[in-house]
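In: Here is a sequence with its predicted model. Questions after.
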Amino acid sequence: MKKTAISTILILLFLIEGMYLISFSKKQVNVTQDMILVNEVVQSVQMNWNHIEEHQLETILDYVVINQQGEVLFQTKFGISQTIHDAIIHRDTIVDVAHNQQIVGKIIIYNNSIEEFQVEKQKISAIFIGIMFLQVSIYIGYMCYLHQKLIQPFQRLQQFAKRIAGGNLDIPLTMDRDNIFGAFTESFDIMRSELKKAKIEEEKAKESKKELVAKLSHDIKTPIASIKATSELGVALSEDEKIKTAYTQIIQKADQVNALITNLFTATLEELKKLSVNPTDMESSELMVLLQQADYLHKGEIPVIPQCFLYADKFRLQQVFDNIFNNSYKYSNTNIEISTAIIQETNASYFCVTMEDYGGGVCEEELPYLKEKFRRGSNQSDKEGAGLGLYISDYFMREMNGALQVENGEHGLKVSVKILFSGRI
């Protein structure tokens with residue numbers, strides 16, 4: 001409805017402009033004078049020729065009286081044509097003055113139609129400028145309206161889709177029914193919520209599988225160990241070489257089965273290495289966008305970021321910041337203090353982004369285990385989560401030749417993301 005109204009207004013304005021242009025292009029200067037008034041002037045001048053300086057006539061016309069030598073004998077006002085040359089250029093009316101049946105001079109009747117035409121032209125120009133200003137204002141307002149109601153919601157949906165594709169299902173999509181995508185945002189967020197539930201169930205299934213593998217491994221290793229011990233006893237007690245060889249083969253097979261069971265147990269821990277990481281050179285200014293997108297509650301004050309080149313996978317780095325901010329908001333829900341620094345370590349230089357909340361931190365004994373798979377702080381057992389955020393983030397940073405450091409700060413848990421420093425711009 002709004003789009004139709006704005007389009008109608010713009011079309012009407014274009015039509016008005018077109019009508020004015022057509023009218024103005026056909027407009028011509030009226031050079032004709034009222035002949036009755038002209039005759040009155042001529043008769044009055046001829047009758048008073050001998051005393052022309054005392055000549056008086058009430059008329060709306062402005063005129064100049066000159067003699068045959070071109071001298072000005074009388075004029076109604078200054079600034080009008082006083083010569084035949086100027087009168088011709090100005091398209092004035094020139095009339096001969098006869099006295100005693102002789103031409104004694106001329107009357108130049110000023111053509112004020114040109115001035116009226118100029119005034120009208122200025123008015124039309126002012127109208128055109130006003131209409132153009134109104135059009136530009138409507139256009140700018142309409143573009144701002146489109147940007148707010150169409151482009152920005154679409155960009156939010158695009159970022160949301162990228163997060164979903166990257167596996168981040170924790171950040172909700174803010175619902176806004178006033179824009180064109182308002183009807184879809186609720187459905188998209190329901191989809192995110194359902195995917196998140198499915199992901200949690202999947203992680204629980206993986207954990208159950210891990211426990212099942214561990215239990216079966218233990219149960220199988222026990223009889224295998226008994227078989228191996230019995231075989232070793234048989235080798236020690238048997239005097240027949242063939243029997244010793246058979247027992248030795250049993251021991252070797254028991255070791256082989258034991259190795260296979262160990263591999264089966266550890267294979268589940270390698271599943272996340274299927275996530276590809278492709279670091280490239282990037283400018284540090286891009287970190288501002290990544291941090292702003294990750295800080296979905298806007299409780300962190302992002303500092304000025306020095307200009308330099310970094311070596312990282314921007315997509316995976318976004319996931320790292322998303323996980324850190326999400327953990328902080330989920331477990332502490334406080335403001336986040338953000339700082340940056342370029343640090344030099346033994347093997348390389350890093351651009352370090354540090355984020356600290358005000359949640360009090362975790363037990364010192366638990367700090368070394370927070371980056372492990374399926375591990376969380378004991379004080380957060382009542383919160384929803386799978387315990388994979390810091391594990392995945394640590395894996396991504398190591399694949400980018402960086403590092404993820406977790407420690408207790410002055411106010412709460414402090415997480416430092418160390419990105420490989422490539423050089424200054």
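Out: That came through fine.
In: before we move on, what SS does residue 66 have?
Out: State at residue 66, reduced to three classes by DSSP: H, G, I helix; E, B strand; the rest coil: strand.
In: Count the residues that sit near it.
Out: Residues within reach of residue 66, counting by other CB atoms under 10 Å, total 21. In this view, the C-beta of every residue, glycine as well, is placed from N, C-alpha and C.
In: May I have the beta-bridge partners of it?
Out: Taking DSSP bridges as the rule, residue 66 bridges to residue 72, residue 106.
In: Would you agree it is in contact with residue 75?
Out: No. Counting by CB atoms under 8 Å, residue 66 stays clear of residue 75, with 9.1 Å between them.
In: for residue 287, what are its contacts?
Out: Counting by CB atoms under 8 Å, 6 or more residues apart in numbering, residue 287 makes contact with 305, 310, 340, 353.
In: quick one: which of the residues you listed has the most company?
Out: residue 353 (25 neighbours).
In: For it, give me its contacts.
Out: Applying CB under 8 Å, 6+ apart, the residues near residue 353 are 287, 291, 321, 338, 339, 340, 416, 417, 419.
In: before we move on, the earlier item: reformat the contacts of residue 287 as JSON lines; add distance to residue 94.
Out: Shown next, in JSON lines, are those (distance: CB to CB, whole Å):
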{"residue": "305", "distance to residue 94": "80"}
{"residue": "310", "distance to residue 94": "85"}
{"residue": "340", "distance to residue 94": "86"}
{"residue": "353", "distance to residue 94": "88"}
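In: The residues you listed in strands, which ones?
Out: 310, 340, 353 (DSSP state E).
In: There's contact between the second one and residue 308 in this structure, I believe.
Out: Spelled out, that is residue 340. No. Contact between residue 340 and residue 308 fails when scored by CB under 8 Å: they sit 10.2 Å apart.
In: any common contacting residues for the two?
Out: With CB under 8 Å, 6+ apart, residue 340 and residue 308 have common neighbours residue 351.
In: how about the helices in the stretch 51-200 of the chain?
Out: Taking DSSP state H, counting those that start in this stretch, the helices of the stretch 51-200 of the chain run over residues 84-90, 113-146, 152-165, 182-237.
In: and the ones you listed as a markdown table, adding mean pLDDT and distance to residue 364?
Out: A markdown table is the format used below for the helices of the stretch 51-200 of the chain (pLDDT from 0 to 100; distance: least, CB to CB, whole Å):
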| stretch | mean pLDDT | distance to residue 364 |
| --- | --- | --- |
| helix 84-90 | 83 | 99 |
| helix 113-146 | 75 | 53 |
| helix 152-165 | 75 | 33 |
| helix 182-237 | 72 | 26 |
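In: how about the ones you listed, which one is nearest residue 332?
Out: helix 182-237 (20.2 Å; CB to CB).
In: Looking at the chain, which residue reaches furthest from the middle?
Out: What lies farthest from the middle of the chain is residue 100; by CA atoms, centre = their mean that is 89.5 Å.
In: gap between it and residue 49?
Out: 9 Å (CB to CB, to the nearest Å).
In: same check, this time on residue 194
Out: 107 Å.
In: again, but for residue 284
Out: 94 Å.
In: And residue 296, by the same measure?
Out: 96 Å.
In: could the helices of the stretch 51-200 of the chain be laid out in JSON lines, adding mean neighbour count and distance to residue 367?
Out: Converted to JSON lines, those look like this (neighbours: other CB atoms under 10 Å; distance: least, CB to CB, whole Å):
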{"stretch": "helix 84-90", "mean neighbour count": "13", "distance to residue 367": "96"}
{"stretch": "helix 113-146", "mean neighbour count": "12", "distance to residue 367": "49"}
{"stretch": "helix 152-165", "mean neighbour count": "15", "distance to residue 367": "28"}
{"stretch": "helix 182-237", "mean neighbour count": "13", "distance to residue 367": "22"}
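In: so what's residue 251 closest to, chain neighbours aside?
Out: residue 231 (4.8 Å; CB to CB, 6 or more residues apart in numbering).
In: got a list of what that neighbour touches?
Out: Residue 231 touches 247, 248, 250, 251, 254, counting by CB under 8 Å, 6+ apart.
In: what's the answer for residue 257, then?
Out: For residue 257, counting by CB under 8 Å, 6+ apart, the contacting residues are 220, 224.
In: Work out for me the element it sits within.
Out: Assigned by DSSP states H and E, residue 257 falls within helix 241-267.
In: How far away from the center of its chain is that helix?
Out: Relative to its chain's centre, helix 241-267 lies at 62 Å (CA atoms, centre = their mean, to the nearest Å).
In: The helix or strand just after that helix pairs with which strands?
Out: Under the assignment DSSP H and E, the closest C-terminal helix or strand after helix 241-267 is strand 280-283. Within its sheet, strand 280-283 is paired with strand 308-312 (antiparallel), according to DSSP bridges.
In: same for whichever helix or strand comes after the partner strand, what does it pack against?
Out: Per DSSP H and E, strand 308-312 leads on to helix 314-331 as the next helix or strand towards the C-terminus. Counting by 3 or more CB pairs under 8 Å, 6 or more residues apart in numbering; DSSP states H and E, the packing neighbours recorded for helix 314-331 are helix 152-165, helix 286-294, strand 349-356, helix 389-399, strand 413-424.
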